[in-house]
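In: Please work out how this folds:
(6 chains)
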4 protein chains.
Amino acid sequence: MSRTPARGGARGGAPTRGRELRARGQRTLARVLDAGTSVFADRGYYAARVDDIVKAADVSHGTFYRYFSSKQDLFGAVAEGVATDMVALARELPSLDRDDEPAFRAWLEQFHRLYERHGRFLRTWTEAEVIDSEIGRTARDLVTEFSRHLATRVRAAAPDLDAGAAAFVLVSMIERTSYYVQSRQLRVAAAETLDVLAAVTRSAVHGARRPAHRDSAAPVATAAAGRAVLRS
Amino acid sequence: MSRTPARGGARGGAPTRGRELRARGQRTLARVLDAGTSVFADRGYYAARVDDIVKAADVSHGTFYRYFSSKQDLFGAVAEGVATDMVALARELPSLDRDDEPAFRAWLEQFHRLYERHGRFLRTWTEAEVIDSEIGRTARDLVTEFSRHLATRVRAAAPDLDAGAAAFVLVSMIERTSYYVQSRQLRVAAAETLDVLAAVTRSAVHGARRPAHRDSAAPVATAAAGRAVLRS
Amino acid sequence: MSRTPARGGARGGAPTRGRELRARGQRTLARVLDAGTSVFADRGYYAARVDDIVKAADVSHGTFYRYFSSKQDLFGAVAEGVATDMVALARELPSLDRDDEPAFRAWLEQFHRLYERHGRFLRTWTEAEVIDSEIGRTARDLVTEFSRHLATRVRAAAPDLDAGAAAFVLVSMIERTSYYVQSRQLRVAAAETLDVLAAVTRSAVHGARRPAHRDSAAPVATAAAGRAVLRS
Amino acid sequence: MSRTPARGGARGGAPTRGRELRARGQRTLARVLDAGTSVFADRGYYAARVDDIVKAADVSHGTFYRYFSSKQDLFGAVAEGVATDMVALARELPSLDRDDEPAFRAWLEQFHRLYERHGRFLRTWTEAEVIDSEIGRTARDLVTEFSRHLATRVRAAAPDLDAGAAAFVLVSMIERTSYYVQSRQLRVAAAETLDVLAAVTRSAVHGARRPAHRDSAAPVATAAAGRAVLRS
DNA sequence: GATGAATGAGATTTCATTCAT
DNA sequence: TATGAATGAAATCTCATTCAT
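Out: Down below sits the predicted model:
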C-alpha cells in the first residue's frame, strides 16, 4: 500500500473527510495510519487498544479522533488501503499460456511479497466482519476479484475447463499458502513454495502437458520436467 | 467432538476437574459447550459475550463459572473438541494411488461435511491466538498434522516429489476452498468444487504421468478425462 | 411521585425491563432512582455525573448500567415518575364555582407541595429536551394537560370566556409562581402567595365579586364587562 | 442588546479587555457574539459546542479565545446583553391606572416581541446557574427587577393591595405565558393571549370594573371585596 | 447445583482549551 | 489578527468475573 499522505486524496476518517490538510496534518495522519496498520496486524481488531495506537503514533487521544471518527473507522481506512494494493496486483495477473510461465512465476513472487507486508493485517479482517458488514464485503470482494481475473486467464488458456471453479480453487491455494508461509507455519523456503504453486497451477490448467505433434517418447521427458519443480 | 465430562483440558484450573458430574451436571455442561460453540462461531472470540453464551445455554452466570474457569477456558474446550474431530479425519486420509481416487474423493466429501460443522468456529481461531499462544499452537498443529498425513500419501504415490511442500500447498487449497464454500463466498455447487479439488490434487501428484506400457493415443484420452471434471 | 419499588411495575431502565426483580434488586433500583432524582435536581442533566449518582446511591458503575441503559434513560425514568404525579394532581382539580373556592385553595396548596418536591427536577427538564425530543414532549404535554383540565373547569364556571386562553394563562401563573417560590427567588411567605393566586384566579373567572345582598342589576353588567375582554 | 466593543463584563480575564479593537476586530467580535447567541439558544449551554459556535461565526478556535476567555465568558456576555434589554423594558413599564390601559397593553406587546428574540436564550439561563452563581443571580435579579417595577405601579394604582406579592404573581404569569407562546406550546394567537394577560392583570388590580356612571357606593364595596383577598 | 445481583478495572470517546505558525 | 493542529483530563459505558443466597 502506498502510505504516502496523499494516498487516497482526502482519505482518512470521517472527521477529516472533505477538509484540506496542511503539511503537518498530513504527516500526523500518516503516522496514525501506520500505527494502526501495525497494531492491528499485531493484535487483531479487538485486542488492539486505541491507547496502543496513539502511543505507537506518538499522538494524543484527541488527535486520533481528529482524524478518525472511531477505531472502526481507522480499521476501515487501513483495510481500504490494503484492498487497493491487492486489487492492483490482481489486475496485473499475466496470461497462463505456457510461454508466459516465467511471468506467472514472477507474479506469484509479487503476490508473496505483498503478503509479507499485508498478511498479518489480512488475518484480522475476519474479526472486523462481525461489526461492520461493509468491511466484510470488501474482504469477500477481494477474493472474488482475484478469482475473476484468474478465471479470465484460465478461460483463455484452457477453454474447456470450468474456469470459475478452477480459478476459485487456485486462488484459495495461492492465498492460503502465502498466509501460512507468512505466519511461519511453514518451514519450507518461500522460493520452493512458489515453484510448487506454479507447478500445480500449470498442471491444473494444462493437464498432461504434451505437445500434440510430439512422438510418444517425449511425454516421459515432459513429465520429468514437470515433476522437476516439485522435487525437493 | 468428544464432549467428555472430565474435559478439563490443559487450561487453568477448570472448575469441574476432579469432580464427578451427575446426570444433571452433564446435561448442563453439554448445554454450555453447545452454546459456546455456536456463539463463538457466530461472533468470534472477542465479540462473543459471556452473557450471550449463558443466555443461549439458558443458565446463569454463576453456573457458567462452575463449569469453566473463564471465557477463554470454554473456548479452549470447544477448540479441543474441534481439533479432535479434525485430527481424526486427518488420520483417515486414504492413499493417493490412482486406483484409490474414489476413496480420496469420498474423503474430500467428509472433509467438506466436517467443515460445514466447524468452519465458522475455525474462523475464530486466529483471534484467540493473541491471548493464548497455546490455542494458537493447536490451530497451527492442525495444519501441520494434515500436511504430515498428506505428505506420507504423496511420498507413497509419487516418490520423486517434494512431498512436504506439495502436501502443504494442497492442504492449503483444500482447507481454504472449503472455508470459502462454507462462508458462502463461492456460489459454485459443493459437488463440483470437490471434483475440481480432486482433479487438481491428482494432476499435481501424478502430473502427465503415463504408464510406460500405454500406447501414445492414451495420453490424450487421459488428459481429456483429467480435464473433464473441470468442465462447466 | 410514589417511589416504591413497584412504581411502574416493571419500569426502570431498558436493561431491567421485562425482567423480574427480586427484593434486593428492587431496593437497589429504588436507590438509584432516588439518587438520580436528587442529583439531577441539584446539578441539572448535563452537569450531573453518573459518578455522582452512583456515589449517592452507593452502588458501582456496573450496577447503574444494569438498571438503566444510560444516564438519559435514568433521566427519562425519573421524568416519567414526576409526570405521573403531576398528571394525577391535574386530574383532581376541583370546580371553580364560587362555592368551591376553599377546595380550589386546598388544591393550590397541594400543587405547591408537589412543586416543593419536584420543582428542582422540573427545572432541569428543558436541558434534556435538547437530546431527547420525547422527553421534551412529555414536558410540554404536562402543561397542556393542566391547561386542558383547567379549561374544563373555566368553561363550566364561566361559559362565555375563552376558556382555552384563560386556562393557559392561569396555569402559567400558578406554575411559575410555585417555581419561583420553590427556588427561593421570592421571599414572600408561601401562604400569602397562594391567597393571591386564588384571588387572581377568582377575579379572572368571576370578575367582581358582589355580596349576595346587592341588587341584581349591577352584578350582571359588571360580570359581563369583566368577561368581555376574555372572550375569544 | 448592547454589543459594546469593550464588553469585558465581570467574568475572568476577558482577552479583549483593555484592548482597542479596530474595525475588523469589531466585526469578528460581533460575529462570535451573534453565533453564540443563536447556538446557545438552540442547544442550551452544555450542549452548545465551542466548535458549533466557531463554525457558525466562521472563525477559528484560536480566534474565539482571542475574544472570550472561555465558553462561559461568552455566555456571560450574551446574557449581559439580554439582561440589559430586559431591564430597559422593565423601566418603561407604564402606570396601571385605568386610563393607561392601552399603554399597558402596548407594553405587553413589546414584552412579547422581546421574548420572541430572547426567549430561547432565556430558557438556557437556568443551566448555566449551576456553574456560575453570578449568572444565576443575574437571572434572578431580572425577575426581581420586573417585580419591583410592577409593584411600584400596583402600589400607585391600588394602594391597599399587597403590591409585592401581586406584582410577583403577575410577572410570573406574563413571563411564562410569553415563554410558552414563544416555544410553540400554545397554539392560541399571540394577540388574544395579550388581551387575556391585560384583562387578568386589570381585574387583579382593579377588581370589578364598573362603568363610571354608576353610583359611588357599590364600587368601593366591590373593590374592597375584590382586594380583600390580595391584602397582606 | 444453581441463581441473579454486584463489582470495578479498563475501554472508547468527547471537547474546552492551548500551541505553533 | 488569525489559523488549524494538538492536547489530555474527564466522561460514559462495557463486561468478565465474583459474591451472597
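In: Tell me how chain A divides into domains.
Out: Split into domains by automatic domain parsing, chain A comes to A:14-69, A:75-208+A:223-228.
In: How far away from the center of its chain is the longest one?
Out: Translated: domain A:75-208+A:223-228. 7 Å (CA atoms, centre = their mean, to the nearest Å).
In: Around DNA strand E, pick out the residues from chain A.
Out: A:48-51, A:61-62, A:64-65, A:69-72 (CB under 7 Å from any atom of the strand). (C-beta placed from N, C-alpha, C; glycine too.)
In: Give me the buried subset of those residues.
Out: Neighbour counting with 16 or more other CB atoms under 10 Å in any protein chain shown marks A:48, A:50, A:64-65, A:71 as buried within those.
In: among those residues, which are in reach of DNA strand F?
Out: Checking those against DNA strand F (CB under 7 Å from any atom of the strand), the matches are residue A:65.
In: now the buried ones among the residues of chain A next to DNA strand E as JSON lines including pLDDT and secondary structure?
Out: Formatted as JSON lines, those follow (pLDDT from 0 to 100; DSSP: H, G, I helix; E, B strand; the rest coil):
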{"residue": "A:48", "pLDDT": "96", "secondary structure": "coil"}
{"residue": "A:50", "pLDDT": "97", "secondary structure": "helix"}
{"residue": "A:64", "pLDDT": "97", "secondary structure": "helix"}
{"residue": "A:65", "pLDDT": "97", "secondary structure": "helix"}
{"residue": "A:71", "pLDDT": "95", "secondary structure": "helix"}
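In: Please identify which pair of the buried ones among the residues of chain A next to DNA strand E lies farthest apart.
Out: Largest separation among those by CB to CB: A:48 and A:65, giving 15.6 Å.
In: Pick out the residue of chain A closest to chain C.
Out: residue A:70 (18.2 Å; CB to the nearest CB).
In: Export the domains of chain A as CSV, with columns for distance to residue D:97.
Out: As requested, the domains of chain A are exported to CSV (distance: least, CB to CB, whole Å):
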stretch, distance to residue D:97
domain A:14-69, 63
domain A:75-208+A:223-228, 73
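In: For the ones you listed, state which one has the densest average packing.
Out: Highest mean neighbour count of the domains of chain A: domain A:75-208+A:223-228, a mean of 19 (counted as mean count of other CB atoms under 10 Å in any protein chain shown).
In: Just the C-alpha atoms of stretch A:137-153, please, in PDB.
Out: The C-alpha trace of stretch A:137-153 is given here as PDB (Å, rounded to 0.1, in the frame of the first residue of the first chain):
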ATOM      1  CA  ARG A 137     -17.900  -7.400   2.000                       C
ATOM      2  CA  THR A 138     -14.700  -5.700   0.900                       C
ATOM      3  CA  ALA A 139     -12.800  -8.700   2.100                       C
ATOM      4  CA  ARG A 140     -15.100 -11.100   0.200                       C
ATOM      5  CA  ASP A 141     -14.900  -8.900  -2.900                       C
ATOM      6  CA  LEU A 142     -11.100  -9.200  -2.800                       C
ATOM      7  CA  VAL A 143     -11.300 -13.000  -3.200                       C
ATOM      8  CA  THR A 144     -13.900 -12.600  -5.900                       C
ATOM      9  CA  GLU A 145     -11.800 -10.100  -7.700                       C
ATOM     10  CA  PHE A 146      -8.800 -12.400  -7.800                       C
ATOM     11  CA  SER A 147     -10.900 -15.300  -8.900                       C
ATOM     12  CA  ARG A 148     -12.500 -13.200 -11.700                       C
ATOM     13  CA  HIS A 149      -9.100 -12.200 -13.100                       C
ATOM     14  CA  LEU A 150      -7.700 -15.700 -12.800                       C
ATOM     15  CA  ALA A 151     -10.800 -17.200 -14.400                       C
ATOM     16  CA  THR A 152     -10.300 -14.900 -17.400                       C
ATOM     17  CA  ARG A 153      -6.800 -16.200 -17.900                       C
END
